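>>> predicted model and sequence below, questions to follow.
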Amino acid sequence: VDTVLSSAAKQAVIGPGQPFCIIGERINPTGRKAFGAELRAGDLSRVETDVAQQVAGGAMVLDVNMGAPLADEAELMGRAVRLIQGLTDLPLVIDSSIIEVLDAGLAAYEGKALVNSVTAEDDRLEAILPLVKKYGAAVIGLPNDEEEIPEDPARRVELARKLIDVATRQYGIPIEDIVIDPLAMPVGADTGHGIRTLETIARLRDEFGVNMTLGASNVSFGMPDRHAIGAAFLPVAISHGLTSAIMDARSPQIVRAVKAADLLLDRDPWGASWIAAHRAQQAAAQQAAAEQAAAAAARPSP
Ligand code: THG
C-alpha cells in the first residue's frame, strides 16, 4: 500500500515499491541549546537554514517539532508550519505529544500532513484519531501503551494490531494512512535494541503490509561516528521492510546509503536516480572549479 502525503503543490509517496522516503528530522530543538532558547523567545529564524540544508540534502518530507521546554509550543507550531510552507513545497510531518500542538499544526497546514504520533493508549487514540480524521491526515502509530514500551517484537505487533483495528474500524481511517513506528532505540544503551527493531519491522510487513517510519538517529544516540551507524542500519532496515525514516537528511553518508539500497532493491529503475545524482554532483564540482579558476585569473599576478 502507498501512503500519499501532500503540500499545496507537491506529493510524497511512501510505499514498498517506492524509493525510500527520507523525512528530515532537523526542525527539532532536541539536543540544540541555542535553537531551544530562540524558540522560547519566539524566534524562528534558524528554521530557514534548516529547511534549505535538508532540501539540498535530499529530504522528501520534513518533520516539524517545536518541543522546547517552556515555549508556547502550539503558537510556534502554527507559525512554523506557515513559515515552512513559504520556504518549500515538501509535505510536512507534524510532530508533538501535545494534542493542541498537533491541532495548531494541522489547522495551519495546506495539504495532507502526517501526524506524529499516536500511541496504543485508549485516551490518546480517542483524542488524536478524531483530529486525523477531521483533517484527512495520515498518522504514525507507536506500539506502546500505558504499561510499557515493549521490548518483545511480538508485543509490539499486538499493539500495532490494536492501533490499526481502532483507527480503521472505529474512525474509518484507511490502512494506507496508517504508518507504524517499530520503535528504534539506542544500541549504545543495549546492543539488543537493533535486532528487536529489525524483527518488529519484518513482522509488521508480513502481518499488515503497512508503511513504517522510525527515528533513525535514535539508533546511534550516544555512540561515536553516528553517521556510519545510520548508514549501516538503514539499508538493513529497508531490506526488512522499512519504507521511510525520520533521519538526518544533511548527511551525505546516510543519504547515499539509502539511495544505494534503493538501487540494490530495485526501487530505482535502470539506476536512473543514482546516475543522475552522480552527474549533478560532477557538474557542480566542475562549475566550482571553473569559478575558482576564473577568480584566480582575475586576480592581479604578484
Ligand atoms: N519516532 C517518531 N518520531 C520521532 C522520533 C521517533 N520524532 C523525534 C525523534 N524521534 C526523531 N528526530 C530527531 C531529531 C534530532 C535528533 C534525533 C532525532 C538528534 N539531534 C542531535 C542530537 O541530539 O545529538 C542534534 C545535535 C545538534 O545539532 O547539535 O540526534 O523515534 N515517530
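Perfect, thanks for sending it.
>>> for the residue of the stretch 151-300 of the chain found nearest the ligand, list each beta-bridge partner.
Per C-beta to the nearest ligand atom, Gly215 is where the stretch 151-300 of the chain lies closest to the ligand, at 2.4 Å. Every C-beta, even on glycine, is put in place using the N, C-alpha and C of the backbone. On the basis of DSSP bridges, Gly215 is bridged to Ile246.
>>> that one is in contact with Met185, isn't it?
No: counting by C-beta atoms under 8 Å, Gly215 stays clear of Met185, with 9.3 Å between them.
>>> where does the stretch 151-300 of the chain have low pLDDT?
For the stretch 151-300 of the chain, no stretch has pLDDT under 70.
>>> near the ligand, which residues of it?
For the stretch 151-300 of the chain, the contact set with the ligand under C-beta under 6 Å from any ligand atom comprises Asp181, Ala184, Leu214, Gly215, Ser217, Asn218, Ile246.
>>> tally of neighbours for the last one?
If you count neighbours by other C-beta atoms under 10 Å, Ile246 ends up with 29.
>>> now swap in the second one and tell me
A count of neighbours around Ala184, defined by other C-beta under 10 Å, yields 27.
>>> okay, now Phe292: neighbour count?
Residue 292: Gln, not Phe. Around Gln292 there are 10 residues (other C-beta under 10 Å).
>>> where's it, which helix or strand?
Element membership of Gln292, judged by DSSP states H and E, is helix 272-298.
>>> show me what that helix is packed against.
helix 252-264 (3 or more C-beta pairs under 8 Å, 6 or more residues apart in numbering; DSSP states H and E).
>>> what lies in contact with the helix it packs on?
With contact meaning C-beta atoms under 8 Å, 6 or more residues apart in numbering, helix 252-264 is reached by 19-20, 22, 57-58, 216, 227-228, 230-232, 234-235, 238-239, 245, 247-249, 268, 271, 273-274, 277.
>>> could you give the angle of it to helix 272-298?
Computed with axes from the mean of the first three to the mean of the last three C-alpha atoms, to 10 degrees, the direction of helix 252-264 lies at 140 degrees from that of helix 272-298.
>>> C-alpha coordinates for helix 252-264, PDB please?
Taking C-alpha atoms only, helix 252-264 is exported to PDB below (Å, rounded to 0.1, in the frame of the first residue of the first chain):
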ATOM      1  CA  PRO A 252      25.600  12.500   2.500                       C
ATOM      2  CA  GLN A 253      26.900   9.300   4.100                       C
ATOM      3  CA  ILE A 254      23.400   8.300   5.300                       C
ATOM      4  CA  VAL A 255      21.500   9.600   2.300                       C
ATOM      5  CA  ARG A 256      23.800   7.800  -0.200                       C
ATOM      6  CA  ALA A 257      23.500   4.600   1.800                       C
ATOM      7  CA  VAL A 258      19.700   4.900   1.400                       C
ATOM      8  CA  LYS A 259      20.000   5.700  -2.300                       C
ATOM      9  CA  ALA A 260      22.300   2.700  -2.800                       C
ATOM     10  CA  ALA A 261      19.700   0.500  -1.000                       C
ATOM     11  CA  ASP A 262      17.000   1.800  -3.400                       C
ATOM     12  CA  LEU A 263      19.200   0.800  -6.300                       C
ATOM     13  CA  LEU A 264      20.000  -2.700  -4.900                       C
END
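>>> buried set for it?
For helix 252-264, the neighbour count (16 or more other C-beta atoms under 10 Å) marks Ile254, Val255, Ala257, Val258, Lys259, Ala261, Asp262, Leu263 as buried.
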